[in-house]
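> Got a sequence here, can you build the structure:
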Amino acid sequence: MTSHGGRRTQAERDAITVEIGYALCTAAFAAAVVFGAVAGPALLFDLPDTPERLLLRAGLVLAPVLFAARVVSVLVRFQKADQPSQPGRTSPDS
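Now for the predicted structure:
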């Protein structure tokens with residue numbers, strides 16, 4: 001944010017809140033899609049025990065990993081977007 005160590009403005013707090021909500025919603029959607037794609041066949045079809053267990057476990061491992069990676073990537077990208085690209089300049093176009 002623009003204030004180093006100081007209080008944030010209401011607009012900055014609102015932007016952070018919106019970005020956190022966006023990160024959580026998109027991460028939950030992506031994790032659900034990946035879980036459905038990986039573990040879905042095990043839930044829909046009558047598979048042998050070993051492939052069924054492997055697909056379910058893979059889905060249960062991949063979904064939270066993807067969730068965390070998505071949240072972190074969105075929030076890190078948001079944090080870096082607030083800083084000017086060149087020291088002493090207010091925007092890249094100046």
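
> Every contact and neighbour count from this point should use C-alpha atoms.
Will do.

> Please enumerate the helices of this structure.
10-44, 49-81 (DSSP state H).

> Mean neighbour count added to those helices, as JSON lines?
Below are the helices of the chain laid out as JSON lines (neighbours: other CA atoms under 10 Å):
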{"stretch": "helix 10-44", "mean neighbour count": "16"}
{"stretch": "helix 49-81", "mean neighbour count": "15"}
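
> Save the ones you listed as CSV, and put in mean pLDDT too.
Converted to CSV, those look like this (pLDDT from 0 to 100):
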stretch, mean pLDDT
helix 10-44, 94
helix 49-81, 93
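
> distance of V76 from T17?
Distance, V76 to T17, by CA to CA, to the nearest Å: 14 Å.

> go on, L60?
Taking CA to CA, one finds L60 at 28 Å from T17.

> Distance of A37 relative to E52?
Distance of A37 to E52, computed by CA to CA: 13 Å.

> what's L47 sitting at in phi/psi?
phi -100, psi 160 (degrees, to the nearest 10).

> How about the contacts made by it?
Taking CA atoms under 8 Å, 6 or more residues apart in numbering, we find L47 in contact with no residue.

> Just the pLDDT for it.
For L47, the model assigns a pLDDT of 91.

> Q10 versus that one, what's the distance?
L47 is 54 Å from Q10, by CA to CA.

> Also I20?
15 Å.

> Over to V34?
Going from V34 to Q10 by CA to CA gives 36 Å.
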